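Engineer: need coordinates for the following:
(chains A and B)
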There are 2 protein chains.
Amino acid sequence: MPAAGPDDTAGGRPGAAARDGAPGGAAQDALRGILGAEALLTGAACEPYLVDQRGLYRGRALGVALPRSVAQVSRLLALCNAQRIGVVPHGGNTGYCGGATPDESGRQLVLSLARLNRIRSVDPANDSLIAEAGCILAQVQEAASQAQRLFPLSLGSEGSCQIGGNLSTNAGGTSVLRYGMMRDLVLGLEVVLADGRVLSSLSGLRKDNTGYDIRGLFLGAEGTLGVITAASLKLFPQIASTATAFAAVADVRAAVTLLARLRAASGERVSSFELIPRIGIELTTQHIPGVTDPLGASHAWYVLCELSSARAAEPLAAILTEVLGAALDDGLVLDAALAGSERERAALWRLRETIPAAQRKQGAGLKHDISVPLSALPEFVARGSSWVSTHVPGARLVAYGHVGDGNLHFNLSETQGAVRGELTARAAEVQRALHDLAVSLGGSFSAEHGIGRLKVAELERYAPATELELMRAVKRAFDPHGIMNPGKVLRAAPADRDER
Amino acid sequence: MPAAGPDDTAGGRPGAAARDGAPGGAAQDALRGILGAEALLTGAACEPYLVDQRGLYRGRALGVALPRSVAQVSRLLALCNAQRIGVVPHGGNTGYCGGATPDESGRQLVLSLARLNRIRSVDPANDSLIAEAGCILAQVQEAASQAQRLFPLSLGSEGSCQIGGNLSTNAGGTSVLRYGMMRDLVLGLEVVLADGRVLSSLSGLRKDNTGYDIRGLFLGAEGTLGVITAASLKLFPQIASTATAFAAVADVRAAVTLLARLRAASGERVSSFELIPRIGIELTTQHIPGVTDPLGASHAWYVLCELSSARAAEPLAAILTEVLGAALDDGLVLDAALAGSERERAALWRLRETIPAAQRKQGAGLKHDISVPLSALPEFVARGSSWVSTHVPGARLVAYGHVGDGNLHFNLSETQGAVRGELTARAAEVQRALHDLAVSLGGSFSAEHGIGRLKVAELERYAPATELELMRAVKRAFDPHGIMNPGKVLRAAPADRDER
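Structural biologist: Purely as a prediction, here's the structure:
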């Protein structure tokens, strides 16, 4: 392959080179013919689309397409399929695994869904709405709220992530304990396949047993099987009452037991149950203005727990007080405080939500997004902590997260005074040990962040060979020319690599 | 193909004939080698496995296999795949579409999962249990109950249906409104593929974003992509309080509105909301001993609604009384009665559950299992009823069911005095009209019963061509020789038909 010049946004391959009069220019012209000239970015305008939000990957692109309609997406994919141009779907660029970033070849087309951003319809009687893929998550939440309903998916990035990205990564967030993952919130999809055909299945039915769950394959496929352009989403009653508390416990096992007691007492009202280590309080009180320790003395572990209900007259505070009171009596809980106002509740959540930012101020770190069955969580924390203190004694362990779902962000921070970069240099070794441990306990090496480009090798390592073969067979069936987000989730097949 | 003799259980094809010394005998011998002689039924012993529960289909079989282990299932499938012997997975034989019945060729092997019937493990802390496919649904419910948990799937046939069948048909039942379909209750699966490889993914995680949702394809695939041998199932808190009421409404729209009010008032406590027509009360009071009209005067429509909670001290009766009281005041509800005891509650449910039996006593009938978005339900009932009274004036319409999910059993009964068989002779015409109507309103022609053999042509008629192509591509990828339940869900491909 000829080397691309410094000003090119594409290499010199048939159908994809960018020099004037060269075939890449022909592809760009054809794309402009479909989209309109202003809807195809080239050159410096592509920059924001070429780097992932963690700064792990920097790519190059044939261009960035901003279609305004499903018809345009369909024609665009048909063209790219015919010309073997790799297509990289791109939402809010908030992902953790580089899944929306093009590779370095400059031959791939970034496909932004940002302009497909209409709420097409809201059906309160059916508790559903139809949103296009480019809708910001906060926009979808607002549309539901306008109809006196709740769309419960809630992430830190909800002000910028797009629902198409949430769908294609099967996003999790803070409400999984009560409402499930993105997959559980979907009633229908509209998808454009690699060859441009549109699969439209947006009806919003709760019961429909007519053939294979083809639709479900696109959720979590990260744009590698087709482009999701719209979805019919489930809506729920709005929350009318909440009760929030902060409790100190001796260990993770006590936290898991407390969750069981809360569930038994509150009849499925538990909506959040987040584990926070002592170091989480130290880091946030140190680095984030306005964050204070909710309790007096220092304890090893804490839980932020919240009950919520769609009924206003629900005795949630009484239930919480009763359970925590009994737990204090028998020593399961060492100390506890109930939020007495919305302001106090917000302060507790702020502490939890600023742990990542506080960690970043501390210095470089390693992140792991693991999950294990709840019953195995205490063992994972004990053995994982032990491994870290033995093998990486200079690092500080910051383990926190959605413990109700068995999902922990098991992260390491550099200690102040540590040799810069020493921890980061050991990333692969640490990841290997922690992922091996999680999987050995029946867990997952990627609870919610997905695979993208970052974890392709991990998937090959941990997924059973039979499952990988079936995934590749599905990929070949849906995308025979391998144009859909090549190199993401699954390694591109050799023949595909030559073509793109 | 040579015609089979009257005493044969198989036709005369290579690898499948049953005469002594003939190749079919060789296949049976090989199967006995894997299973043990007593675990392969032939001849008259096959009878119960050859007819579906509705008496729609009568097949013949090479034999009926009753493996005791996953290893045996694996070896059996590897053999059948190599010899191109069609395999028909068979659970409790309670399905509605002939999906577990072999065809008339006598060359297919029925694979009973009945002896894979262990509860392998229960993990209350993780709210999950692992059950083998041959476990009776009631057995799974009991195992959950023993651990102070609830497995909420609930069907009329729960005393005989097997969980493998529930999984492969994505069963619905009476608790979908609150807990979802079978698909929503599954955390993991163990599946044996057509070639005998075992795909084992039973970990019970709530959050696991590692590649495509291959597992989800088997749910609702009705045994055509592989044989489910075990599943990790979600458990819930047990129910500690209920409140049940019977209310009369003027029309279906009023019923849908009442549901919305109940949901708004009860904070997601609504667990059942069943629509019953006047004729449902007439038929049951007439044909079922002990069933009486819960209300005084005659009304056009009724709703059986129930709230439930995992908390004992929940004011469910008060909520129900308040909502119904307000609805009586503004005329949404015409009359209502609250169940004042468990005996009264049981009586209300008995009325609902005996409607099918009462219909059968009335005479022959036509059944339709449709769903539409809830907002379209009033229109479906109005237009469907109008079509029936215009085109089939001799029939009595008995429309009832899980209206909270948009799912109606829209059935027709012969009137007494009608010409016997006249209604049944018009089955295809009536089905065409009602399925066309449901689909035109964004609905489904098979809400929960699936496709089996009965609705293969309906699936071809109503599924978008693109979706059918993708289903066939998945089928080819998972079962290249087409041995898995041939002719069910999808028409067997021509090459496949020749082979089996």
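
Engineer: what's the least confident helix or strand in chain A, going by average pLDDT?
Structural biologist: Least confident element among the helices and strands of chain A, by mean pLDDT, DSSP states H and E: helix A:494-499 (a mean of 52).

Engineer: now the helices for the stretch 101-250 of chain A?
Structural biologist: Under the criterion DSSP state H, counting those that start in this stretch, the stretch 101-250 of chain A contains helices at A:137-146, A:163-168, A:176-179, A:214-218.

Engineer: ok, now the stretch 251-400 of chain A?
Structural biologist: For the stretch 251-400 of chain A, the helices defined by DSSP H, counting those that start in this stretch cover A:252-266, A:278-287, A:316-329, A:342-353, A:355-362, A:377-391.

Engineer: how does chain A divide up, domain by domain?
Structural biologist: Split into domains by automatic domain parsing, chain A comes to A:16-114+A:458-499, A:119-237, A:241-355, A:363-453.

Engineer: let me know which of these is tucked in deepest.
Structural biologist: Comparing the domains of chain A by mean neighbour count (mean count of other C-beta atoms under 10 Å in any protein chain shown), domain A:119-237 ranks first with a mean of 23. (Each C-beta comes from the backbone N, C-alpha and C, glycine too.)

Engineer: quick check: mean pLDDT across that domain?
Structural biologist: When pLDDT is averaged over domain A:119-237, the result is 95.

Engineer: distance between the ends of it?
Structural biologist: 19 Å (C-alpha to C-alpha, to the nearest Å).

Engineer: would you mind measuring from the closest residue to A:Gly156 other than its chain neighbours to A:Leu150?
Structural biologist: Take A:Gly156 and drop its neighbours on the chain: the residue closest to it by C-beta to C-beta, 6 or more residues apart in numbering or on different chains is A:Glu353, 6.5 Å away. From A:Glu353 over to A:Leu150 the distance is 20 Å, taken as C-beta to C-beta, to the nearest Å.

Engineer: for A:Ala247, give me its contacts.
Structural biologist: A:258, A:302-303, A:305, A:324, A:327, A:333, A:335-337 (C-beta atoms under 8 Å, 6 or more residues apart in numbering or on different chains).

Engineer: quick check: which ranges of chain A have low pLDDT?
Structural biologist: Residue ranges of chain A with pLDDT under 70: A:1-24, A:495-500.

Engineer: dump the helices of the stretch 101-250 of chain A to CSV, plus distance to chain B.
Structural biologist: Below are the helices of the stretch 101-250 of chain A laid out as CSV (distance: least, C-beta to the nearest C-beta, whole Å):
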stretch, distance to chain B
helix A:137-146, 14
helix A:163-168, 11
helix A:176-179, 6
helix A:214-218, 4
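
Engineer: closest to A:Ala250 out of those?
Structural biologist: helix A:176-179 (22.4 Å; C-beta to C-beta).

Engineer: contact partners of the closest one?
Structural biologist: The contact list for helix A:176-179 (C-beta under 8 Å, 6+ apart) reads A:152-153, A:185, A:236, A:268, A:270-273, A:308, A:402, A:404-405, A:407, B:206-207.

Engineer: ok, which pair from those residues is furthest apart?
Structural biologist: Maximum pairwise distance in the contacts of helix A:176-179, criterion C-beta to C-beta, is 21.4 Å, between A:Phe236 and A:Asn407.

Engineer: which parts of the stretch 301-450 of chain A sit against chain B?
Structural biologist: Contact residues, the stretch 301-450 of chain A versus chain B (C-beta under 8 Å from any C-beta of the partner chain): A:309-311, A:314, A:319, A:371-375, A:402, A:405-407, A:442-450.

Engineer: out of those, list just those in strands.
Structural biologist: A:309, A:371, A:407 (DSSP state E).

Engineer: quick one: the first one and A:Phe236 touch, right?
Structural biologist: To tie it back to what came earlier, the one meant is A:Ser309. No: taking contacts as C-beta atoms under 8 Å, A:Ser309 lies outside contact range of A:Phe236: 11.6 Å.

Engineer: which neighbours do those two share?
Structural biologist: Common neighbours of A:Ser309 and A:Phe236, using C-beta under 8 Å, 6+ apart, are B:Glu268.

Engineer: since that was my last question, I'll sign off now.
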